[in-house]
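A.B. asks: Fold the stuff below for me.
(one chain, ligands or ions: 1)
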Amino acid sequence: MTLLELDNIQGYLIRGYAHMLYSRFVYLRITDAKATKAWLSNAWKEMTSAKHFHDKSKISSTHLNLSFTHDGLKALGLNEENLDAFSREFRQGMVAPHRSRLLGDMDGSSPENWNWGAPQNEPIHLCLMIFGNDKKFENNLEKDKDVCLNYYRELASEFEINGMKELFFIDGKTQPNNKEHFGFRDGISQPIIEGSGRVGDKDDVIKTGEFLFGYKNEFGVYPDTPLIVKDQGDLNLLSSDAGGSGLKDLGRDGTFMVMRQLDQDVKKFWSFMNENSINPDGTVNVEESLKLGAKFMGRWQNGAPITLFPDKDPGISSLVNDFGYAKFDKDGLKCPFGSHLRRQNPRDNVDDHGKKESLKLSKQHRIIRRARLYGEIYEGSPTNLTPNGEVGLLFVCFNADISRQFEFLQYTWSNLPKNKELYNDPDPIIGAREKLEAGEEQNFTIQDLPVSKTVKNIPRVITVKGGGYFFLPSINVLRYLSTI
Ligand code: HEM
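C.D. replies: Coordinates of the predicted model:
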């Protein structure tokens, strides 16, 4: 097993920075490439690497990471030939029309309604990710915010001189209990990158090349990495292609970052659960409503998987992840086949495949999720329906193959209404459509005996507000980019 060059990998890929409750994602445009490259020739040293976390006493109170769009690499001056070496999804971007259809970005979620990342918006070149934590206080959002924003102000005071214009920012928060706005604990199930030094269930250990260029993936081959096909810049700073082409590799120790701003309609989500679990006297049955919400998600609000705890929320003490469906729930009687969790990672029970083959298939479609909350912190529930203002998830995920990983999850496993014994059931959290054709149905099926139950006409509870595909280079490559 190859041990990873942790000091060359941007930290956010390997770590969620969960202790840093406050972050600011700053979206920038390059106005003067020469000045930006001069900045980059020092700024690469400031980037938080994955190695940073090996000595706990030295973990700093601010972290910084940086990613580029395809437009951004072009604005910096990367040759056309070298730009063309990137995968098609990254080159075309999230809003290419056929891609929007695939991702289900229609109606209110259509790019024409987006606030950023769409053709009508100013092109984004860079995303600077700034995190803060006040070490004197534990779990204090306001204190972490101060640290984060002080660092942001320091950096922002030099954007102009460094040839960059700030377009906008999104502030991302994390709750100490890691709950998202529908009130469910998030960030429990994550792949473990082979060679990263992290430990966990063997079924979660995924080949390095699924998440980093320059290493073999789950198919036993090197992912399609951007190679330098036309000499440019100081090539001594780059590693050679591990695939043996003899070319220099721009990708090694880097990956793609997918970002989607997903507005969450908490009221619509819990009102629907309440209406579909109402008492005969018309009052809300809180317990049944929570249970229905858990069936949609696949975990209870406190994070326990309903596969292992089908009857009631056992609380945080039962936060587990090393389970499969083949042994405990092959008929979906505990965790419905259509739930968000089971669709996103069917683990050892994919369609009619056996356990071993299923695990192999699931491992070919994993992503590393790094979502943050935006808007006011709010924990939705059957009795907590109305947050203050817009709230949502700034969904961030990492993968080396956008098409086979993120896009496959969003299209094949979420938006397609046909899935393992299901015919009209999209993913109830991220796959439901806003408008249906006459005669079409959109349901959620709960497998049960003697007959399954169908919850009819599930609503769309998220609206996409913006998004983009970014390249998260290695730290060496950031340095190289300053020389092109
Ligand atoms: C607002 C939108 C979303 C919400 C509220 C949400 C919520 C959740 C929650 C509560 C969990 C369970 C926690 C865990 O197992 O870590 C989860 C798991 C997961 N979600 Fe989402 N999610 C959203 C969007 C997405 C998107 C866009 C994708 C990918 C296309 C996605 C993929 C996953 C995956 C892969 C898992 C882990 C499944 C597993 O390994 O068992 N989610 N999500």
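A.B. asks: Check which helix or strand the closest residue to Glu46 other than its chain neighbours maps to.
C.D. replies: Spatial nearest neighbour of Glu46, excluding adjacent residues (C-beta to C-beta, 6 or more residues apart in numbering): Leu64 at 5.5 Å. Where you see a C-beta, it was placed from the backbone N, CA and C, and this is true even at glycine. Using DSSP states H and E, Leu64 sits in strand 62-68.
A.B. asks: remind me which residues of the stretch 1-150 of the chain are low pLDDT?
C.D. replies: Within the stretch 1-150 of the chain, the segments meeting pLDDT under 70 span 1.
A.B. asks: Name the residue of it that lies nearest to the ligand.
C.D. replies: Per C-beta to the nearest ligand atom, Leu103 is where the stretch 1-150 of the chain lies closest to the ligand, at 8.9 Å.
A.B. asks: so what's the backbone phi/psi at the closest residue in space to that residue that isn't next to it in sequence?
C.D. replies: Leaving aside its sequence neighbours, Leu103 sits nearest to Gln410 (C-beta to C-beta, 6+ apart; 5.3 Å). Here is the backbone geometry of Gln410 (degrees, to the nearest 10): phi -70, psi -40.
A.B. asks: Using CSV, write down the CA coordinates of the strand holding Leu64.
C.D. replies: Listed next in CSV are the C-alpha coordinates belonging to strand 62-68 (Å, rounded to 0.1, in the frame of the first residue of the first chain):
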residue,chain,number,x,y,z
THR,A,62,-7.0,29.2,10.7
HIS,A,63,-6.9,27.0,7.6
LEU,A,64,-6.7,27.9,4.0
ASN,A,65,-7.3,25.9,0.8
LEU,A,66,-7.7,26.9,-2.8
SER,A,67,-9.4,25.5,-5.9
PHE,A,68,-9.7,26.7,-9.6
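A.B. asks: and whichever helix or strand comes after that strand, what other elements does it pack with?
C.D. replies: Moving toward the C-terminus from strand 62-68, the next helix or strand (DSSP H and E) is helix 70-76. Under the contact criterion of 3 or more C-beta pairs under 8 Å, 6 or more residues apart in numbering; DSSP states H and E, helix 70-76 touches strand 22-30, helix 33-43, helix 80-83, strand 462-472.
A.B. asks: Output those in TSV, with distance to Gly324 and mean neighbour count appended to each entry.
C.D. replies: TSV is the format used below for the helices and strands packed on helix 70-76 (distance: least, C-beta to C-beta, whole Å; neighbours: other C-beta atoms under 10 Å):
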stretch	distance to Gly324	mean neighbour count
strand 22-30	34	23
helix 33-43	44	17
helix 80-83	42	14
strand 462-472	28	23
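A.B. asks: Dump the ones you listed into a markdown table; add distance to the ligand as well.
C.D. replies: Below are these laid out as a markdown table (distance: least, C-beta to the nearest ligand atom, whole Å):
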| stretch | distance to the ligand |
| --- | --- |
| strand 22-30 | 16 |
| helix 33-43 | 30 |
| helix 80-83 | 26 |
| strand 462-472 | 5 |
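A.B. asks: in stretch 100-116, what's buried?
C.D. replies: Ser100, Leu102, Leu103, Gly104, Asp105, Ser109, Pro111, Trp114, Trp116 (16 or more other C-beta atoms under 10 Å).
A.B. asks: swap that for stretch 309-319, please
C.D. replies: Buried-residue list, stretch 309-319, by 16+ other C-beta under 10 Å: Phe309, Pro310, Asp313, Leu319.
A.B. asks: ok, which stretches of this structure are helices?
C.D. replies: Ranges of helices in the chain, per DSSP state H, are 11-14, 33-43, 70-76, 80-83, 88-92, 97-103, 141-156, 266-275, 286-297, 340-344, 355-363, 408-410, 475-481.
A.B. asks: Which positions in this protein make contact with the ligand?
C.D. replies: 180, 182, 184, 186-189, 262, 264, 297, 299, 340-341, 344-345, 367, 369, 393, 395, 406, 409-410, 429-430, 462 (C-beta under 6 Å from any ligand atom).
A.B. asks: Buried ones only from those residues, please, as a ChimeraX command.
C.D. replies: A single ChimeraX command selects the buried members of the residues of the chain next to the ligand (16+ other C-beta under 10 Å):
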select :180,182,184,186,188,189,262,264,297,299,340,341,344,345,367,369,393,395,406,409,410,429,430,462
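A.B. asks: Just the residues of the chain next to the ligand: which are in strands?
C.D. replies: Leu262, Gln264, Arg369, Leu393, Phe395, Ile462 (DSSP state E).
A.B. asks: got the contact list for Gly243?
C.D. replies: Tyr222, Thr225 (C-beta atoms under 8 Å, 6 or more residues apart in numbering).
A.B. asks: and if you look at Lys165?
C.D. replies: Counted by C-beta under 8 Å, 6+ apart, Lys165 has contacts Leu28, Arg29, Thr31, Phe159.
A.B. asks: Which residue ranges of the stretch 201-350 of the chain form strands?
C.D. replies: For the stretch 201-350 of the chain, the strands defined by DSSP state E, counting those that start in this stretch cover 205-206, 227-228, 239-240, 248-249, 255-264.
A.B. asks: how much distance is there from the second one to the middle of the chain?
C.D. replies: Centre-to-centre, strand 227-228 and its host chain are 27 Å apart (C-alpha atoms, centre = their mean, to the nearest Å).
A.B. asks: List the contacts of that strand.
C.D. replies: Asn82, Ala85, Leu235, Leu238, Asp241, Ser245, Leu247, Lys248, Asp249, Leu250, Gly251.
A.B. asks: okay but the fourth one is in contact with Leu478, surely?
C.D. replies: In other words, Leu238. No. Here Leu238 lies out of contact with Leu478, judged by C-beta atoms under 8 Å, at a distance of 11.6 Å.
A.B. asks: neighbour-wise, which of those two wins?
C.D. replies: More neighbours surround Leu478 than the other of Leu238 and Leu478, with 25 against 21 (other C-beta atoms under 10 Å).
A.B. asks: That one contacts Ala43, correct?
C.D. replies: Yes. Assessed by C-beta under 8 Å, Leu478 is found in contact with Ala43 at 7.3 Å.
A.B. asks: joint contacts of those two?
C.D. replies: Leu66.
A.B. asks: For the nearest residue to Asp203 once chain neighbours are set aside, give me the pLDDT.
C.D. replies: With C-beta to C-beta, 6+ apart as the criterion, Asp203 has its nearest non-adjacent residue at 6.0 Å, and that residue is Leu359. For Leu359, the model assigns a pLDDT of 96.
A.B. asks: and Leu359, what does it touch?
C.D. replies: By C-beta under 8 Å, 6+ apart, the neighbours of Leu359 are Asp203, Gly324, Arg347, Asp348.
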